[in-house]
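1. sharing a sequence plus its predicted fold:
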Amino acid sequence: MTKLTNLDLTLCPECGALAEVLWRAVMESTDGPVEHARITCVQRHWFLLPVAHLERADVVARQPACERGA
């Protein structure tokens with residue numbers, strides 16, 4: 001398990017709010033090792049999911065609210 005030192009942000013898959021990546025770890029699978037991340041959002045949802053499923057929060061944060069559907 002890797003403890004992160006920089007703030008690593010993504011989006012919550014449930015509500016779309018900003019979420020922090022708390023840690024990353026490589027887990028074995030039948031298809032080989034897969035990097036996973038544990039995230040928690042400001043609404044207190046938390047997930048353990050493959051890093052490939054994380055959305056880049058910096059790209060979404062730069063979009064105007066009308067384009068994000070807010």
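-> Sure, I can see it. Numbers count the residues shown, from 1 in each chain.

2. check the offset of stretch 36-53 from the chain's centre.
-> Chain-centre distance of stretch 36-53: 5 Å, with C-alpha atoms, centre = their mean, to the nearest Å.

3. quote the end-to-end distance of that stretch.
-> Counting by C-alpha to C-alpha, to the nearest Å, you get 9 Å between the two ends of stretch 36-53.

4. show residues contacting it.
-> With C-beta atoms under 8 Å, 6 or more residues apart in numbering as the test, stretch 36-53 has contacts from 10-15, 17-27, 34-35, 54. In this view, the C-beta of every residue, glycine as well, is placed from N, C-alpha and C.

5. which stretches of this protein have low pLDDT?
-> 1-5, 57-70 (pLDDT under 70).

6. all the helices of it, residue numbers only.
-> Ranges of helices in the chain, per DSSP state H, are 57-61, 65-68.

7. measure residue 48 to residue 26 for me?
-> According to C-beta to C-beta, to the nearest Å, residue 48 and residue 26 sit 13 Å apart.

8. same deal with residue 53?
-> 15 Å.
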